[in-house]
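**Student:** structure for the following, please:
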Amino acid sequence: LDHAFQTAELCRLHHPDLEWMHLVGLIHGLGKLLAHRMLGSQPQWAICGETYPLGCRFSPHILGAQYFTANPDRRRRLYNTQTGIYGPGCGLLNVVMSWSGPEYLYLVLLLNQAKLPQDAVWLLRHSKFSTLTRPHSCYLPLCGADDLRRLPLLRSFQALSAYRRTPLPEGFALQGAARTAYYTGLIDKYIGGGKLRW
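**Tutor:** Numbering: from 1, shown residues only. Reported below is the predicted structural model:
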C-alpha cells in the first residue's frame with residue numbers, strides 16, 4: 001500500500017495536470033491480486049516481472065530471455081520476425097501480450113467499462129513492458145502513431161513506479177482524510193463506486 005501511494009503522489013508531483021495518472025499510480029499493482037487464493041493463487045513468476053508481446057521474435061533484452069530457448073515458438077518461422085503475426089504499425093492494443101498482473105488489470109478495467117482515458121488504460125497495460133522503452137527497442141515496428149506518442153509518458157511512469165524510496169517535497173504528500181477524499185474522488189470519477197467484476 002505504501003508503494004501504491006508513493007507512486008500516486010509521485011505522479012501527482014510530476015504530472016499535476018493529468019489527474020487520471022495519479023489514479024494509475026495508485027492502482028497499477030492491483031493485477032498482483034492474482035496471487036491471492038480467491039483469485040486463483042497464481043505463482044509470482046506468472047504475474048510479476050516484465051511483459052512482452054507474443055507472436056513475434058522475443059527480444060534478447062527481456063529479463064530471463066535465456067529461458068526462451070525451451071519455447072517451441074522460438075523455432076517457428078512465422079514468429080521469428082520483428083512483427084511476426086502482426087502487420088507493421090498495427091498498434092500495441094492489437095498485440096497479444098504475455099500473461100501478467102498488468103494484463104489482468106487491463107482486462108478487469110475493460111470488463112468493468114472504466115471511464116479512464118485510453119492513455120491511462122494503455123499505460124497500465126504496458127507499465128511492465130520495459131523492453132519497449134529501452135533504446136533501439138526491437139518492438140517499435142509494432143507501434144502505431146498513438147503508441148509512439150505515449151512512449152515518453154510510459155518512460156516517465158516506469159521511472160516513477162520503480163521500487164525505491166523517493167522523497168517528496170516537504171508538505172506535498174496528501175495525508176489522512178485529505179488523501180482519502182482525493183483518491184476516492186478519482187476512483188468514483190474514473191472507475192465507479194460499485195463493486196468490480198474481477
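
**Student:** what's the local residue count around residue 19?
**Tutor:** Residue 19 is flanked by 16 other residues according to other Cβ atoms under 10 Å. Quick note: C-beta positions are derived from backbone N, CA and C, even for glycine.

**Student:** with residue 169 instead?
**Tutor:** Applying other Cβ under 10 Å, we find 7 residues neighbouring residue 169.

**Student:** reduced to three states, what does it come out as?
**Tutor:** coil (DSSP: H, G, I helix; E, B strand; the rest coil).

**Student:** now do the contacts for it.
**Tutor:** Applying Cβ atoms under 8 Å, 6 or more residues apart in numbering to residue 169 gives the contacts residue 13.

**Student:** and the gap between it and residue 7?
**Tutor:** Shown here: residue 169 relative to residue 7, a distance of 16 Å by Cβ to Cβ, to the nearest Å.

**Student:** burial of residue 162, as a residue count?
**Tutor:** With other Cβ under 10 Å as criterion, residue 162 counts 11.

**Student:** ugh, wrong one, I meant residue 68
**Tutor:** 15.

**Student:** does it touch residue 58 like I think?
**Tutor:** Yes: counting by Cβ atoms under 8 Å, residue 68 touches residue 58, with 4.9 Å between them.

**Student:** residues that sit against both of the two, list them.
**Tutor:** Residues touching both residue 68 and residue 58 (Cβ under 8 Å, 6+ apart): residue 74.

**Student:** by mean pLDDT, which helix or strand of this structure comes out lowest?
**Tutor:** Ranked by mean pLDDT, DSSP states H and E, the weakest helix or strand in the chain is helix 44-47, scoring a mean of 72.

**Student:** list the buried residues of that one.
**Tutor:** Across helix 44-47, burial judged by 16 or more other Cβ atoms under 10 Å covers residue 47.

**Student:** can you check stretch 131-149 too?
**Tutor:** Neighbour counts over stretch 131-149 (16+ other Cβ under 10 Å) mark 131-133, 137-139, 142-143, 147 as buried.

**Student:** list of residues touching it?
**Tutor:** For stretch 131-149, contacts defined as Cβ under 8 Å, 6+ apart pick out 50, 52-53, 56-57, 59, 61-62, 82-83, 86, 88-92, 95, 118, 122, 126, 129, 151, 154-155, 158.

**Student:** one more pass at 7 Å, please.
**Tutor:** With contacts defined as Cβ atoms under 7 Å, 6 or more residues apart in numbering, stretch 131-149 is touched by 52-53, 57, 59, 61-62, 82-83, 86, 88-92, 95, 126, 151, 154-155, 158.

**Student:** in helices, which of the buried residues of stretch 131-149 fall?
**Tutor:** In this view, these that belong to helices under DSSP state H are 131-133, 147.

**Student:** which one of these is nearest to residue 174?
**Tutor:** residue 133 (28.4 Å; Cβ to Cβ).

**Student:** got a list of what the residue positioned nearest the centre of the chain touches?
**Tutor:** The chain has residue 127 as the residue nearest its centroid, 2.6 Å off, counting by Cα atoms, centre = their mean. Applying Cβ under 7 Å, 6+ apart to residue 127 gives the contacts 28, 102, 157-158, 161.
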